[in-house]
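Below: sequence and its predicted model.
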Amino acid sequence: MQKQGWRPRRTIIFCSWDAEEYGLTGSTEWVEENREMLSTRAVAYLNIDVSVVGPVLLPSTTPQLDELLLETIKLVQDPDNSSQTVYDSWVKANASPKIQRLGNGGSDYAAFVQHVGIPSTNLIFGEGPGYPVYHSLYDDFVWVEKFADPGFRRHVAGAAPHSSLCCVLVLSSCTV
């Protein structure tokens, strides 16, 4: 797309953090080092930590992104039922569907939300059988490919609202 002259209207930074399980060290240090730039230019932080461990969408956001997230998942085709959207499946799977809040500091969004106040999201396809191999020897690509998400359909559906399978930071001005 870039070769054809397309440019994003905003700067997009794709991030991959070290030491998440050791106190969110990588993302926290980066936020602390870039606090001034983030305070003046960051629009949103989009986080995917554990992308797929089951069939049902488990969205979490800060309140500023609720409507945007809802409108986006209404446009994404459900990976398990092509006749409905991710939103439709989410509503059917929950008696009273609710967007959870990012308050527990359990992933790399914590420093963005708690240190700098940047609107953030975290998406997981979860529930179902759970994630029995989490942090074990078997927590690898083969397990995801064979059991968690054959064909990676849920990964694609989870990436659509975030435009990425990793963390994304959106800044207010384009410098790319």
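Cool, the structure landed.

switch to C-alpha atoms for all contacts and neighbour counts from now on
Fine.

would you list every one of the strands in this structure?
Under the criterion DSSP state E, strands of the chain are mapped to 11-15, 42-47, 56-61, 100-101, 120-126, 167-171.

what number of residues lie near residue 13?
Using other C-alpha atoms under 10 Å, residue 13 has 13 neighbouring residues.

returning to what we had before: relative to residue 150, which of the strands of the chain is closest?
Checking the strands of the chain against residue 150 by C-alpha to C-alpha gives strand 120-126 as the closest, at 13.5 Å.

so what does that closest one touch, helix or strand wise?
Contact analysis of strand 120-126 by 3 or more C-alpha pairs under 8 Å, 6 or more residues apart in numbering; DSSP states H and E lists strand 42-47, strand 56-61, helix 109-114, helix 153-162 as its packing neighbours.

Name the surrounding residues that touch that strand.
44-62, 65, 102, 109, 112-113, 154, 158 (C-alpha atoms under 8 Å, 6 or more residues apart in numbering).

Which of those are buried, as a ChimeraX select command?
Only the buried entries of the contacts of strand 120-126 go into this ChimeraX selection, using 16 or more other C-alpha atoms under 10 Å:
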select :44,45,46,47,48,49,50,51,52,53,54,55,56,57,58,59,60,61,62,102,109,112,113,154,158
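
hang on, the earlier thing: which one of the helices and strands packed on strand 120-126 lies nearest to residue 77?
Among the helices and strands packed on strand 120-126, helix 153-162 comes nearest to residue 77, with 7.1 Å by C-alpha to C-alpha.

before we move on, the earlier item: any idea which of the strands of the chain scores lowest on pLDDT?
Lowest mean pLDDT of these: strand 167-171, a mean of 52.

From residue 141, how far off is the residue nearest to residue 60 when sequence neighbours are not counted?
Excluding the flanking residues, the one nearest residue 60 by C-alpha to C-alpha, 6 or more residues apart in numbering is residue 100, at 4.4 Å. Residue 100 is 28 Å from residue 141, where distance means C-alpha to C-alpha, to the nearest Å.

between the helices and strands packed on strand 120-126, which one is nearest to residue 74?
Nearest of those to residue 74, taken as C-alpha to C-alpha: helix 153-162 at 9.8 Å.

by how many degrees do that closest one and strand 56-61 diverge?
20 degrees (axes from the mean of the first three to the mean of the last three C-alpha atoms, to 10 degrees).
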